[in-house]
Each structure stands twice: as C-alpha cells, then as structure tokens.
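What follows is a predicted structure for the sequence shown.
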Amino acid sequence: MAELDLVIHAPNRLQICAMLATSAELDFRLIREQLGVTDSVLSKHLKALENAQYIQLRKRNHNGRPRTWIALTRQGQQAFEHHVQALEAIINTAGQAD
Amino acid sequence: MKQRNTSTASAKGALDTMRSSQQALLEGFVPSVWIRLVMSLSLGAILFGYGMTEHENNWALAIWVGALGFGLSSALYAYTYRLQGIRIRFFPRFYQSEKIHIYTGVGFATLGFGSRFLRTELGMEFGPYLCATAAAVLFFWLQRRFPTGEVGIKGV
C-alpha cells in the first residue's frame, strides 16, 4: 500500500505538485499567483521539493526578462502518484469500514 | 519522509485541494475558443479531404490546407499557454493520460480510415461528412476536457 509523503503533504506543496502534474513546466510567477503567496514563501516550498529531488528549476530568458520554470521530475511524479494513491486508499478503506 | 496517520476527512480535503488547484489552472488559462475551433475544424478538414480524395483531385488540397491549419493552430495553442507561464507536454506524463491518448489516436485513425472506406467501398457518400464532423466534435470536446493533455485528479 502506498504511503503518504510528508514532503508533498504540506498544503502549498500539495497544490504545487498538483499544478505541475498538469503540464511540462510552470512559471514561478504563475504558481505564486495561483497560491497567493509571497516570493519567499514559494521559494521555501520549492526548495523543500527540490531538495527531495521532486522538482527541477530552470532559469531562461524570455524577451530579455529572466523567468524561472519549474518541472516535476520523474521521481516527483512517482511520489505524487503514490501520494494520491495513498490518499485514495485512506478514503476507500474508511468507506469499506462504514 | 512518510506517514500513515491521516484521517479520512483530511485525505478528502487534500484531494479536493489538489483537484481545485488543477481545475483553476486548467480552466483559468485555457487558450481562446477560436484557436481550439480552428484546430478541430482543421482536423475535420484533413479527414474529410482524405475521404473525398480520388487520384489527386482538388480534395487532396483540403488535406494539405487542413494539415497546415492544424499545425499552425497547434503551435499557437502551445505558444498562448507558454505566454501565460504554462509549457504543455507533447507526450503525456501519467499512465491514465497515455491510455486516453492511445484510445483517441486509435479513434481518429478509425474515423480517418472510415471516412474513405465508407465512401469508396460501401458507396456511402455521407461517410466523409460524418467522420470529419465526428472527429472535429470529438477533438473539440477532448481539448475542453483535457486542455493540457493530462488527466486531472478524479472526484472522490
């Protein structure tokens, strides 16, 4: 049975992973606006995910402006899938017990 | 770092949070309906042209025009997303998404084959119209349902 991953389980990191799962890469600013947090708070969460090797950060220039793109790594993708499976298992187990 | 002690309500809440984040992203940044419409109609034109083509007649041009329209509108679709801060994947990330891509690929190939087969082999002149319309409607619906090509978290 899949287990919950505490690195992902924090509410903001959960949302970050869920958003990253929908696409190849997301812009730092877009994630910040979607979460409604400050740069420093988002950076802290991204650092935690990066340290766990769940995400990869790339800096690229777009029209002369630097943009930070964030992508879920294969390891992050597997961790996210297992985390979702673990959450579903908790709900299903409780449903069967009722 | 793993843990197992989470209540059902907390698990539901976590899944709801993830689902709403994905929905907000997918619905809030989806490219213009016109781009999606051009993509769908271009795909329909390719299938219709294939169904109507006989010995390089004028309908063969519809395949080329459709392919050009589809290519350009697809590039615009991806570029529009990118401008907003989203880079979409060409190949899906998750197994569920891969399955849907395979099924739809087979479905479009069948419609393409059917478009020609119905008209040339069975004499059903409406075949290309039917298959092209079905393909365009299906593609438009798929883009509405899975705008980035990935399947979101299901409801619990």
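Yes, it's here. Numbers count the residues shown, from 1 in each chain, chains lettered A, B, ... in the order given.

helix/strand/coil for B:G149?
coil (DSSP: H, G, I helix; E, B strand; the rest coil).

And the pLDDT for it?
B:G149 carries a pLDDT value of 80.

Counting neighbours, what do you get for it?
A count of nearby residues for B:G149, using other CB atoms under 10 Å in any protein chain shown, gives 21. To be clear about C-beta, it is placed using only N, CA and C from the backbone, and glycine gets the same treatment.

ok, the residue in chain B positioned nearest to chain A - contacts?
Of all residues in chain B, B:G85 sits closest to chain A, at 3.0 Å by CB to the nearest CB. If you count contacts by CB atoms under 8 Å, 6 or more residues apart in numbering or on different chains, B:G85 has them with A:L26, A:D27, A:R29, A:L30, A:R67, B:F29.

Is the first one in contact with A:W69, as I believe?
Yes. With contact taken as CB atoms under 8 Å, A:L26 and A:W69 are classed as touching, separated by 7.0 Å.

intersection of neighbour lists for the two?
With CB under 8 Å, 6+ apart as the test, A:L26 and A:W69 both reach B:R87.

Looking at these two now, which is surrounded by more residues?
Remark: of A:L26 and A:W69, A:L26 carries more neighbours, 24 against 20, as counted by other CB under 10 Å.

remind me which residues of the chain are low pLDDT?
In the absence of a named chain, chain A is used. A:1, A:94-98 (pLDDT under 70).

that's the wrong chain, I wanted chain B
B:1-5, B:56, B:153-156.

now the helices: where do they sit in it?
B:8-28, B:33-52, B:59-83, B:95-120, B:127-145 (DSSP state H).

if we can go back for a sec, mind giving me the ChimeraX select for the contacts of B:G85, buried ones only?
Applying 16 or more other CB atoms under 10 Å in any protein chain shown to the contacts of B:G85, the buried members can be selected in ChimeraX as follows:
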select /A:26,27,30,67 /B:29
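
Contact partners for residue 45?
I went with chain A, as the question did not name one. A:A10, A:N12, A:R13, A:I16, A:V37.

that's the wrong chain, I meant chain B
Neighbour list for B:A45: B:A62, B:I63, B:V65, B:G66, B:G69, B:A132 [criterion: CB under 8 Å, 6+ apart].

how many neighbours does the last one have?
It stands for B:A132. So B:A132, with other CB under 10 Å, has 26 neighbours.

so of the contacts of B:G85, which ones are in strands?
Cross-referencing the contacts of B:G85 against strands under DSSP state E gives A:L26, A:D27, A:R67.

closest to chain B among those residues?
Among those, and counting by CB to the nearest CB, the member closest to chain B is A:D27, at 3.0 Å.

How many residues are close by the closest residue to B:C131 other than its chain neighbours?
Excluding its sequence neighbours, the residue lying closest to B:C131 (CB to CB, 6 or more residues apart in numbering or on different chains) is B:S115, at 3.7 Å. Residue neighbour count, defined by other CB under 10 Å, stands at 27 for B:S115.

tell me the secondary structure for A:A71?
Here A:A71 is strand, with the state taken from three-state DSSP.

burial of the closest residue in space to it that isn't next to it in sequence, as a residue count?
Distances taken as CB to CB, 6+ apart place A:E25 nearest to A:A71, at 4.5 Å, with adjacent residues excluded. Residues lying near A:E25 (other CB under 10 Å) number 22.
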